[in-house]
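A.B. asks: Could you look at this predicted model? Sequence included:
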Amino acid sequence: MPEHLTIVRHPLVQHKLSIMRDKRTSTGEFRQLLREISQLLAYEVTRDLEMTTRAIETPMCEMDAPVLKGKKLALISILRAGNGLLDGVLELIPSARVGYIGLYRDEATLQPVQYYYKVPEGLDDRLVIALDPMLATGNSSVAAIDLLKASGARNIRFLCLLAAPEGVQRMQEAHPDVPIVTAALDERLNEKGYIMPGLGDAGDRMFGTK
């Protein structure tokens, strides 16, 4: 397994993912499960955040209490499916700054096409977590990381629900400094660039558009 890839094998993550894979799972249930599983994945992707201390007073006494160090981290949703992960992670880290990258995949070439880009200021001083449920070909993910680095981001992590070996390899070649956290590494891509066995199109299943 690539060193930059972390698979979260927690039983709750794997159980919820199995329900999401089932084609009989409703749009509403899929959306709720994605919110829940994103919070569990967020624990892993933020496991080693830098800490410092500050003086507080409990009802009993004063103490030096551990708190997060540095600027608020930035969550970057790769539209549109990234919003499903974003909602859950924001519940865990409500103070995070939020940005959006609009990319869609040209079905003929499988290459990403950009249509929107708006991110917080000061990315060079923030931990930046890019969110997209599916790491398939890796083309869109690489394009998104390219844009973030061009905006000054230096400390970037990528959070996804599912990854294909082809996407992991593509990311490793283009951005070996970006760790990937995912719930599963699936078998392969099919001829249309979809993850197998996968769960279908995450955006369509989340928004009920197909």
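C.D. replies: Cool, the structure landed. Bear in mind the structure is a predicted one, so any value in this text is a computation, not a measurement. Residues are numbered from 1 along each chain as shown.

A.B. asks: could you point out the longest strand in the chain?
C.D. replies: The longest strand of the chain (DSSP state E) is strand 97-105.

A.B. asks: Can you list the strands that it pairs with?
C.D. replies: Its sheet considered, strand 97-105 pairs with strand 74-79 (parallel), strand 112-118 (antiparallel) by DSSP bridges.

A.B. asks: Out of the ones you listed, flag the one nearest K192.
C.D. replies: Among the strands paired with strand 97-105, strand 112-118 comes nearest to K192, with 15.5 Å by Cβ to Cβ. C-beta coordinates here come from the backbone N, C-alpha and C atoms, glycine included.

A.B. asks: which regions of the chain sit below the pLDDT cut-off?
C.D. replies: Within the chain, the segments meeting pLDDT under 70 span 1-2, 110, 210.

A.B. asks: Let me see the ranges of the helices in it.
C.D. replies: With helices called from DSSP state H, the chain shows them at 11-21, 27-45, 82-92, 139-150, 165-174, 202-207.

A.B. asks: Roughly how far does A144 sit from R170?
C.D. replies: Distance, A144 to R170, using Cβ to Cβ, to the nearest Å: 12 Å.

A.B. asks: And those two? Which one has more around it.
C.D. replies: Shown here are A144 and R170; by other Cβ atoms under 10 Å, A144 has more neighbours (27 against 18).

A.B. asks: wait, L123 sits on A153?
C.D. replies: Yes: between L123 and A153 there is a contact under Cβ atoms under 8 Å: 4.0 Å.

A.B. asks: shared neighbours, the two?
C.D. replies: A74 (Cβ atoms under 8 Å, 6 or more residues apart in numbering).

A.B. asks: buried residues in stretch 114-130?
C.D. replies: Y117, V119, P120, L123, R126, L127, V128, I129, A130 (16 or more other Cβ atoms under 10 Å).

A.B. asks: actually stretch 172-187, sorry about that
C.D. replies: Q172, H175, V178, P179, I180, V181, T182, A183, A184, L185, D186.

A.B. asks: neighbours around E50, how many?
C.D. replies: Count around E50 with other Cβ under 10 Å applied: 8.

A.B. asks: State the distance from the nearest residue to it once chain neighbours are set aside to E57.
C.D. replies: Once flanking residues are discounted, E50 sits nearest to K69: 4.2 Å by Cβ to Cβ, 6 or more residues apart in numbering. K69 sits 21 Å away from E57, taking Cβ to Cβ as the criterion.
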